[in-house]
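Q: got a predicted structure here, sequence first:
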Amino acid sequence: MTKRIGVAADHAGFQLKEQLIARLRESSYEVIDFGDHQLIPEDDYPDFVLPLARAVAGAEVDRGIAVCGSGVGACIAANKVAGARACLIHEEFSARQGVEDDDMNVICLGSKVTGQGLAWELVRIFLASSFSGAERHRRRLAKVAAVETKN
């Protein structure tokens, strides 16, 4: 079971990040908070999401949760890190399938488009899911990794 979770958010995602951290800790997860650690309206999501993505790719944390206003910026930033497989998730099917088929290791959420209850349910599903390891999925991920290596 995934136990060490990294979480990051900018000002737009700060409140949801704090709520998710509380729920994660209540559920016995070890949480590493990559910031922001206070609500600063001028902060920028890459300053928090990139260190989170590096920690996930480097296996310093098991999975990552990145939050910004829409989730789009966080997803773009996280996917710049080789080994981070970040997806913007709005519904339950993709929260599960993204892990099972695509080995998603960072879930991106938009605090302005996803309510607290749904966000927690998506995180819960994401953390409870496991990569299937099916040959076709490993083959596809190897093709993606080859592109990362070239770049």
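A: Perfect, I can see it now.
Q: which regions of the chain sit below the pLDDT cut-off?
A: The chain contains residues with pLDDT under 70 at 1-2.
Q: which parts of it are helices?
A: For the chain, applying DSSP state H gives helices covering 14-26, 46-57, 72-78, 92-102, 116-128, 135-150.
Q: and Ile5, which of those helices is closest to it?
A: Distance to Ile5, taken as C-beta to C-beta, is lowest for helix 14-26 among these, at 5.8 Å. C-betas here are computed from N, CA, C, even on glycine.
Q: and that closest one, what's buried?
A: For helix 14-26, burial by neighbour count (16 or more other C-beta atoms under 10 Å) applies to 14, 16-17, 19-21, 24.
Q: and what of stretch 36-51?
A: Applying a neighbour-count criterion of 16+ other C-beta under 10 Å, the buried positions in stretch 36-51 are 36, 43, 45-46, 48-51.
Q: mind saving the C-alpha coords of it as PDB?
A: Taking C-alpha atoms only, stretch 36-51 is exported to PDB below (Å, rounded to 0.1, in the frame of the first residue of the first chain):
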ATOM      1  CA  ASP A  36       3.300  26.500  -0.400                       C
ATOM      2  CA  HIS A  37       3.200  26.500   3.400                       C
ATOM      3  CA  GLN A  38       1.200  29.700   3.600                       C
ATOM      4  CA  LEU A  39      -1.300  31.500   1.400                       C
ATOM      5  CA  ILE A  40       0.700  33.800  -0.800                       C
ATOM      6  CA  PRO A  41      -1.400  35.200  -3.700                       C
ATOM      7  CA  GLU A  42       1.700  35.900  -5.800                       C
ATOM      8  CA  ASP A  43       3.300  32.400  -5.600                       C
ATOM      9  CA  ASP A  44       3.800  30.200  -8.700                       C
ATOM     10  CA  TYR A  45       2.800  26.500  -9.000                       C
ATOM     11  CA  PRO A  46       6.100  25.400 -10.600                       C
ATOM     12  CA  ASP A  47       8.000  26.400  -7.500                       C
ATOM     13  CA  PHE A  48       6.100  23.600  -5.600                       C
ATOM     14  CA  VAL A  49       5.000  21.100  -8.200                       C
ATOM     15  CA  LEU A  50       8.400  20.600  -9.800                       C
ATOM     16  CA  PRO A  51      10.100  19.600  -6.500                       C
END
